[in-house]
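Undergrad: Predicted model and sequence below, questions to follow.
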Amino acid sequence: MATINANYDKLQSSYLFSEIAKRTKAFMEENPGVQILRLGIGNTTEALTATVIEGLIKGVKKLADTKTYTGYGDEQGDIRLRKELVTFYKKRGIFLDTQEIFVSDGAKSDSANISSIFGTESIVAVADPVYPVYLDSNVISGKKVVYMECSEDEGFIPNPPKGKVDLIFICSPNNPTGAVATKRKLRVFVEYALKNKAVIVFDAAYSEYISDKSLPKSIYEIKGAKGCAIEINSFSKWAGFTGVRLGWTVVPIELIVEGTERGKVNSLWNRRQATMFNGASNIVQEGGLAVLSAKGRKECNKLINYYMNNAKIIKKGLGKLGLKVFGGENAPYIWLKTPREVSSWDFFDKLLEEAYVVGTPGSGFGRAGEGYFRLSAFGHKEDIERAVKSIQNNLKL
Ligand SMILES: Cc1ncc(COP(=O)(O)O)c(C=O)c1O
């Protein structure tokens, strides 16, 4: 008799976005004709750049001719793309080999699947609040999870756990708080991991939003990190690939865990991917090459600046009201402390009913997010301006 994986029953229901949709729909039905302003989603809205479109078209055209047609590709990803990613890191003083890079269909699947190569008994530490995939994927695989609180006092970046854990999931810039770990903070994590023989899974999906040169964009900027960290990244947020789908994961050869030799963890991830994934689309990888070209980088930087200008508009506009706002400087998220300690969900209702603006309750990203609220800078500038104006004019503080 087949049985289900009962760990699925241990998941909190995917309450956050369905509840947001439910409350928004109910409000719209009660208030027909009202225009809802959305600052809730972490989804890109602006068109792909000209160079990227050219790259994607080139990928399509190659498939139209038998001489240039390709079917299944290199299992770790197109070697040209991996070489460009090696260069991408080299410019930051990080030296990788193409064998250490695994091209993926985005950061979500890799961040959810990576713990499958580690022992089922592993204890996993996840930041709180954070992108919910790390928690849910580890609950599904039956691993024990402990939390690292991202408190206001610590700038919304966690400290390593007090006890011994085996896997640590951190995300910098952090979704939802928009906070970025300093080199000093990452050094503490690397030291912890090396001492406890733990592995850090570092999600750098928003790294290209970091403009402050003193802040690390990659965990490999920290000495010793190659011995204890896996880094996951994506083209989604900075090149507009949320729907196109492309990312990569770095598993250093140097990374060793209990009972393994050099290269074993890297070869395990290769085995896992070769067994359960058939590679990113060849068309899309051509688009990724275009993103990494000099022209592509320049254009994507404009895209980043566009969203970061939105962040500035939100942060300034809300700051003027006397609200306590964080993030939004090296990340496209603004993290807001709810006024008078109202709960995240009560603030959601208040913002919707008074200003017609939809945001995301901080408590949906973890218990430590209670009393906070996330606003996203992804959106058209005019819509962002309209939403901020409406908050300024209508929110009763
Ligand atoms: C921290 C973080 N990692 C990963 C992802 C997913 O990225 P991708 O589109 O590459 O799967 C998101 C998406 O919102 C995210 O916020």
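TA: Sure thing, it's come through. Numbers count the residues shown, from 1 in each chain.
Undergrad: and the protein, which residues reach the ligand?
TA: 42, 106-108, 111, 131, 171, 175, 203, 205, 234, 236, 242, 247 (Cβ under 6 Å from any ligand atom). From N, CA and C alone the C-beta is placed, and that goes for glycine too.
Undergrad: Show only the entries of those residues found in helices.
TA: Ala107, Lys108, Ser111, Ser236 (DSSP state H).
Undergrad: all helices for the chain, in order.
TA: 15-30, 50-63, 79-90, 107-113, 133-140, 183-196, 236-239, 264-276, 282-292, 294-320, 344-355, 381-394.
Undergrad: how about JSON lines for those helices, with mean neighbour count, distance to Gly364 and mean pLDDT added?
TA: Conversion of the helices of the chain to JSON lines gives the following (neighbours: other Cβ atoms under 10 Å; distance: least, Cβ to Cβ, whole Å; pLDDT from 0 to 100):
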{"stretch": "helix 15-30", "mean neighbour count": "13", "distance to Gly364": "3", "mean pLDDT": "92"}
{"stretch": "helix 50-63", "mean neighbour count": "17", "distance to Gly364": "32", "mean pLDDT": "98"}
{"stretch": "helix 79-90", "mean neighbour count": "17", "distance to Gly364": "33", "mean pLDDT": "98"}
{"stretch": "helix 107-113", "mean neighbour count": "21", "distance to Gly364": "17", "mean pLDDT": "97"}
{"stretch": "helix 133-140", "mean neighbour count": "20", "distance to Gly364": "12", "mean pLDDT": "95"}
{"stretch": "helix 183-196", "mean neighbour count": "18", "distance to Gly364": "25", "mean pLDDT": "97"}
{"stretch": "helix 236-239", "mean neighbour count": "24", "distance to Gly364": "19", "mean pLDDT": "98"}
{"stretch": "helix 264-276", "mean neighbour count": "16", "distance to Gly364": "29", "mean pLDDT": "97"}
{"stretch": "helix 282-292", "mean neighbour count": "23", "distance to Gly364": "30", "mean pLDDT": "98"}
{"stretch": "helix 294-320", "mean neighbour count": "17", "distance to Gly364": "19", "mean pLDDT": "98"}
{"stretch": "helix 344-355", "mean neighbour count": "20", "distance to Gly364": "7", "mean pLDDT": "97"}
{"stretch": "helix 381-394", "mean neighbour count": "17", "distance to Gly364": "19", "mean pLDDT": "97"}
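Undergrad: Leaving aside the residues adjacent along the chain, what's closest to Ile117?
TA: Leu268 (4.4 Å; Cβ to Cβ, 6 or more residues apart in numbering).
Undergrad: ok, that neighbour touching Ser115?
TA: No: the pair Leu268 / Ser115 is not scored as a contact, 11.7 Å apart, by Cβ atoms under 8 Å.
Undergrad: Now do the end-to-end distance for stretch 68-75.
TA: End-to-end distance for stretch 68-75, by Cα to Cα, to the nearest Å: 19 Å.
Undergrad: quick one: contacts of that stretch?
TA: Here stretch 68-75 makes contact (Cβ atoms under 8 Å, 6 or more residues apart in numbering) with Lys61, Lys62, Leu63, Asn270, Gln273, Ala274, Asn278, Gly279, Asn282, Gln285.
Undergrad: For that stretch, list every residue counted as buried.
TA: Residues of stretch 68-75 classed as buried by neighbour count (16 or more other Cβ atoms under 10 Å): Gly73.
Undergrad: Now it: average pLDDT?
TA: Across stretch 68-75, the average pLDDT comes to 96.
Undergrad: Break this protein down into its domains, please.
TA: The chain breaks down by automatic domain parsing into domains covering 6-46+296-394, 50-293.
Undergrad: Could you work out the most separated pair of the ones in helices among the residues of the chain next to the ligand?
TA: Across those, the longest distance by Cβ to Cβ is 12.1 Å; it joins Ser111 and Ser236.
Undergrad: Double-check Ala112 against Tyr131; I have them as touching.
TA: No: applying Cβ under 8 Å as the test, Ala112 and Tyr131 come out as separate, 10.4 Å apart.
Undergrad: ok, back up a step: just the closest of the ones in helices among the residues of the chain next to the ligand to Glu46, please.
TA: So of those, ranked by how close each gets to Glu46 (Cβ to Cβ), first place is Ser236, at 12.8 Å.
Undergrad: show me the contacts for the closest residue to the closest one other than its chain neighbours.
TA: Spatial nearest neighbour of Ser236, chain neighbours left out: Thr242 (4.6 Å); criterion: Cβ to Cβ, 6+ apart. Neighbouring residues of Thr242 by Cβ under 8 Å, 6+ apart: Asn43, Thr44, Ser236.
Undergrad: got JSON lines for those residues, with distance to Glu370 too?
TA: Formatted as JSON lines, those follow (distance: Cβ to Cβ, whole Å):
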{"residue": "Asn43", "distance to Glu370": "24"}
{"residue": "Thr44", "distance to Glu370": "28"}
{"residue": "Ser236", "distance to Glu370": "28"}
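Undergrad: of these, closest to the ligand?
TA: Ser236 (3.4 Å; Cβ to the nearest ligand atom).
Undergrad: My read is that that closest one contacts Ser109, right?
TA: No: if you go by Cβ under 8 Å, Ser236 and Ser109 don't touch, sitting 11.7 Å apart.
Undergrad: which ones are touching Gln392?
TA: Neighbours of Gln392 in contact, by Cβ under 8 Å, 6+ apart: Gly317, Lys320, Leu321.
Undergrad: Dump those residues into JSON lines; add distance to Asp346 as well.
TA: Output for the contacts of Gln392, formatted as JSON lines (distance: Cβ to Cβ, whole Å):
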{"residue": "Gly317", "distance to Asp346": "21"}
{"residue": "Lys320", "distance to Asp346": "23"}
{"residue": "Leu321", "distance to Asp346": "17"}
